[in-house]
Every structure is written in C-alpha cells, then in structure tokens.
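1. Okay, structure incoming, though there's no sequence with it:
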C-alpha cells in the first residue's frame, strides 16, 4: 500500500502596521503590483485584497 503524503498546514502571515504603511506608500507612488509582491513576499491576490479592505487603489493602471 502507498504511503499517504502529509498535508501542508498553511499559516497566514498577518499584516503589521509597517506593512500597511508600505502598501499605502506604494499605492500613492503607483508601483506595479508585481513589484510590490516580490518586495513584500506576498501574493498579488493577497495585496489586492488588503488594499480593498483598506479602501486604497493598487497598481499603476488604476
């Protein structure tokens, strides 16, 4: 019988106040989301969702 692979437990990384401040600064300077994503080591979807909850626009083409 084949071994059952272990499931990976995903842990969410909370946004700190410094992360939020950085996200707002990038929003103001209209930095592309791909660049912010690499810089903050978060997915584009995660950044867009957080920007939506904060009520700020994100990306260079908004």
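-> Now that the structure is in, tell me what you want to look at. The shown structure was predicted, so the numbers you read here are calculated from the model rather than taken from an experiment.
2. Show me the helices in this protein, by range?
-> 17-28, 33-40, 44-54 (DSSP state H).
3. just for the protein, where's the confidence low?
-> The chain contains residues with pLDDT under 70 at 1.
4. Spatially central residue in it, please.
-> The residue lying closest to the centre of the chain (C-alpha atoms, centre = their mean) is residue 47, at 3.0 Å.
5. So that residue sits against residue 57, correct?
-> No: if you go by C-beta atoms under 8 Å, residue 47 and residue 57 don't touch, sitting 11.7 Å apart. C-betas here are computed from N, CA, C, even on glycine.
6. hmm, back to that, specify the stretch among the helices of the chain that is closest to residue 7.
-> Residue 7 sits nearest to helix 44-54 of all these, at 21.1 Å, using C-beta to C-beta.
7. And the helices of the chain: which comes nearest residue 9?
-> helix 44-54 (17.7 Å).
8. If anything else comes up later, I'll come back, but that's it for now.
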